[in-house]
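[1] structural data only, the sequence is not supplied:
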């Protein structure tokens, strides 16, 4: 089971997110609520999707012997105008730099990107398949 713990930093709405693997990320909101010291939770969600699909794209492009030199994943989403501002549409754009003069198999590249999103990324699967989320409380 994966785990992350969001710990309130004690000021405004900043949280330090600690992962089970020992890494941290800062989450905050802009002023008036926060001090703009970290990503917004919704940005972190888009970043998780981009990095998850990106990791799989890199692995698959290498497996398919496609000669790329760079890859970035731009993820943007439209949100509902009213609370809770849920995402209604998310688009992923893979920006790939290729080795000069390399032969690129466009069909293999499209297969790799499709699998990176729709077969191997647990973040994509969580968002697209729907996940039951429950909560409970524990007093410290």
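    Thanks, I have the structure now. Quick caveat: nothing in here was measured; it's all calculated off a predicted structure.
[2] what residue is smack in the middle of the chain?
    Residue closest to the average C-alpha location in the chain (CA atoms, centre = their mean): residue 48, at 1.7 Å.
[3] so who does that residue touch?
    Shown in contact with residue 48 (CB atoms under 8 Å, 6 or more residues apart in numbering): residue 123. To be clear about C-beta, it is placed using only N, CA and C from the backbone, and glycine gets the same treatment.
[4] A strand includes it, no?
    No - counting by DSSP: H, G, I helix; E, B strand; the rest coil, residue 48 falls outside a strand, being helix.
[5] and it, how far is that from residue 1?
    Separation of residue 48 from residue 1 (CB to CB, to the nearest Å) stands at 17 Å.
[6] repeat for residue 100
    Distance from residue 100 to residue 1, by CB to CB: 45 Å.
[7] which one's more surrounded, those two?
    Comparing residue 100 with residue 1 by other CB atoms under 10 Å, the one with more neighbours is residue 100, at 7 against 3.
[8] part of a helix, is that one?
    No - under three-state DSSP, residue 100 sits outside any helix and is assigned coil.
[9] tell me which helix or strand residue 125 sits in.
    helix 122-129 (DSSP states H and E).
[10] now swap in residue 112 and tell me
    Using DSSP H and E, residue 112 sits in helix 106-118.
[11] which strands or helices does that helix pack on?
    Helices and strands touching helix 106-118, by 3 or more CB pairs under 8 Å, 6 or more residues apart in numbering; DSSP states H and E, are helix 41-63, strand 87-98.
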